[in-house]
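**Q** pasted the sequence and its predicted model underneath.
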Amino acid sequence: MKRILTEADIEPAVRGGSVYAAGGGGWADHGRMLGRTALGMGRPELVSIDELSPDDWVATAAAIGAPASTTAWEMRGGDYVKAVQLLNEALGTPVAGLMVGQNGKSSTLNGWLPAAALGCKVVDAVGDIRAHPTGDMGSIGMAGSPEPMIQTAVGGNRAEGRYIELVTRGATAKVSPILRTASDMSGGFIASARNPLPAAYVAKNAALGGISMALDLGHAILAAAPKGPAAILDAIVEKTGGRLLAEGVITRKEVRYTNEAFDIGTVTVGDGARAITLHVMNEYMAIDDAEGNRIASFPDVITTLSTAAEPLSVGELREGMRVHVLHVPKTLLPLGAGVLDPAVYPPCEKAMGIALAPYALEKTNA
């Protein structure tokens, strides 16, 4: 399944990634910049994992931070390239491919530019189909492993003297918080390359085909766009297999930025007995009904869309806005080993004050 990524794939990657962004996943214009810069530098090639040798190294190209924050972040395309270069130097050999930790408004395209610049492949695999708050969730099962891994981070607000280059080695769960701290110190958003692993391991533990899923959804959205918002919503529902769980006005938004580079809080849609509460940790992690019953929970896809059928990030939401809420159950999604790892949930549960693991880990084979 070799596929040269072209100009015609940039907007579908952004549009499809925006749905899977689940309220986070970066910025659409940042994603377009990554795509255009990649194509100006080379011919990024999307390949399936079985087109690599089992012992080829595959690393995760990622961006770390809080997409809803109002901090003065700065991340340039070259930062993604530098992060992979630093990882290659630490590893002692170039990686053969780059996967991404998650889909998102820009994160679907995180691997394009370094792949084009450095001559490796974009692997059609993601740690998680949807966006998530911690690197451990996209680490395809490495969060609970004591095995030392390499993680790098590059970027920062140059004018404020916040630019950082960081190379770390250690157990994934111990190193990931260091990169989040670096993200906060850099201005809230930083490029990363992490966890080089053999392709054979990726084949068994990643959510395979995740980038193609975002591209296919994006193409469906663009095809429906001339017919208007209702047609776009129908296309999203048909392509994802999900449903529009609710439509209503945002009656309350309480989200705060933390120095761990997380946006944490809640968004309430509707009022009275029909109100629902969306729990936020960078992305939408759960939905409770008015009586506190859980009706959707990570790793389900949970997305807010405007009346114009535009996916909205948490940072774009305002009280008084009318939104649609999309829900795609996890049983309809390929799940990477990271979201099935009990070790990834305690930090999020502590930060949010809600249970996630009982919902995420039940009936995962359904």
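**A** Structure received. Source: prediction; values computed, not measured.
**Q** quickly run through the sheet partners of the strand of greatest length in the chain, with directions.
**A** In the chain, assigned by DSSP state E, the strand with the most residues is strand 243-257. Partner strands and pairing direction for strand 243-257 (DSSP bridges) are strand 263-269 (antiparallel), strand 322-328 (antiparallel).
**Q** what about dumping the CA coordinates of the first one to CSV?
**A** Coordinates of each C-alpha in strand 263-269 appear next as CSV, following Å, rounded to 0.1, in the frame of the first residue of the first chain:
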residue,chain,number,x,y,z
ASP,A,263,-6.1,21.9,30.0
ILE,A,264,-8.5,20.4,32.5
GLY,A,265,-12.1,21.0,33.3
THR,A,266,-15.7,20.5,32.1
VAL,A,267,-18.0,21.8,29.4
THR,A,268,-21.8,21.6,29.9
VAL,A,269,-24.1,21.3,26.9
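**Q** coming back round to it: turn the strands paired with strand 243-257 into TSV, columns for distance to L46.
**A** For the C-beta atoms, the positions are set from N, CA and C on the backbone; glycine is no exception. Listed next are those as TSV, based on distance: least, CB to CB, whole Å:
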stretch	distance to L46
strand 263-269	31
strand 322-328	23
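**Q** in TSV: the ones you listed, plus mean neighbour count, mean pLDDT and distance to G248.
**A** As requested, the strands paired with strand 243-257 are arranged in TSV below (neighbours: other CB atoms under 10 Å; pLDDT from 0 to 100; distance: least, CB to CB, whole Å):
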stretch	mean neighbour count	mean pLDDT	distance to G248
strand 263-269	22	96	5
strand 322-328	21	98	7
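**Q** out of those strands, which comes closest to E89?
**A** strand 263-269 (33.0 Å; CB to CB).
**Q** mind listing the strands for the stretch 151-300 of the chain?
**A** Taking DSSP state E, counting those that start in this stretch as the criterion, the stretch 151-300 of the chain carries its strands at 164-171, 189-198, 207-208, 243-257, 263-269, 276-281, 283-289, 294-297.
**Q** rebuild those as JSON lines, extending it with distance to T60.
**A** Below are the strands of the stretch 151-300 of the chain laid out as JSON lines (distance: least, CB to CB, whole Å):
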{"stretch": "strand 164-171", "distance to T60": "14"}
{"stretch": "strand 189-198", "distance to T60": "5"}
{"stretch": "strand 207-208", "distance to T60": "12"}
{"stretch": "strand 243-257", "distance to T60": "25"}
{"stretch": "strand 263-269", "distance to T60": "22"}
{"stretch": "strand 276-281", "distance to T60": "20"}
{"stretch": "strand 283-289", "distance to T60": "17"}
{"stretch": "strand 294-297", "distance to T60": "24"}
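**Q** T6 and A116: what is the separation?
**A** As judged by CB to CB, to the nearest Å, T6 and A116 stand 12 Å apart.
**Q** and T108, by the same measure?
**A** For T108 relative to A116 (CB to CB), the value is 15 Å.
**Q** looking at the two, which is more packed in?
**A** T108 (33 against 23; other CB atoms under 10 Å).
**Q** confirm that one sits in a helix?
**A** Yes: per DSSP: H, G, I helix; E, B strand; the rest coil, T108 lies within a helix segment.
**Q** just give the nearest non-adjacent residue to it, would you?
**A** Nearest-residue entry for T108: G17, 3.5 Å, with adjacent residues in sequence omitted and distances by CB to CB, 6 or more residues apart in numbering.
**Q** surely the one you found and W112 touch.
**A** No: assessed by CB atoms under 8 Å, G17 is found out of contact with W112, at 11.7 Å.
**Q** got the domain ranges for the chain?
**A** For the chain, the structural domains run 3-211, 229-360, going by automatic domain parsing.
**Q** a markdown table please, covering those and showing distance to A223.
**A** Formatted as a markdown table, the domains of the chain follow (distance: least, CB to CB, whole Å):
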| stretch | distance to A223 |
| --- | --- |
| domain 3-211 | 10 |
| domain 229-360 | 7 |
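**Q** now H324. Nearest residue, chain neighbours left out?
**A** For H324, ignoring the flanking residues on the chain, the nearest one in space by CB to CB, 6+ apart is L305 at 4.5 Å.
**Q** what about the one you found, neighbour count?
**A** 21.
**Q** bridged to it, which residues?
**A** With DSSP bridges as the rule, L305 is bridged to P311, H324.
**Q** and if you look at A191?
**A** A63, V154.
**Q** which residues touch it?
**A** A191 makes contact with 61-64, 75, 79-80, 82-83, 110, 153-155 under the criterion CB atoms under 8 Å, 6 or more residues apart in numbering.
**Q** again with G135
**A** G135 makes contact with A62, I64, G101, Q151, T172, S176, L179, R180, S192, R194 under the criterion CB under 8 Å, 6+ apart.
**Q** mind putting those in CSV, pLDDT, neighbour count and distance to D55 included?
**A** Converted to CSV, the contacts of G135 look like this (pLDDT from 0 to 100; neighbours: other CB atoms under 10 Å; distance: CB to CB, whole Å):
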residue, pLDDT, neighbour count, distance to D55
A62, 93, 28, 23
I64, 88, 27, 28
G101, 95, 30, 22
Q151, 97, 30, 21
T172, 93, 25, 21
S176, 90, 28, 25
L179, 93, 23, 27
R180, 88, 22, 31
S192, 96, 31, 24
R194, 96, 27, 19
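**Q** now those as JSON lines including distance to A203?
**A** Shown next, in JSON lines, are the contacts of G135 (distance: CB to CB, whole Å):
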{"residue": "A62", "distance to A203": "20"}
{"residue": "I64", "distance to A203": "25"}
{"residue": "G101", "distance to A203": "17"}
{"residue": "Q151", "distance to A203": "22"}
{"residue": "T172", "distance to A203": "19"}
{"residue": "S176", "distance to A203": "23"}
{"residue": "L179", "distance to A203": "25"}
{"residue": "R180", "distance to A203": "28"}
{"residue": "S192", "distance to A203": "22"}
{"residue": "R194", "distance to A203": "18"}
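**Q** sounds good, over and out.
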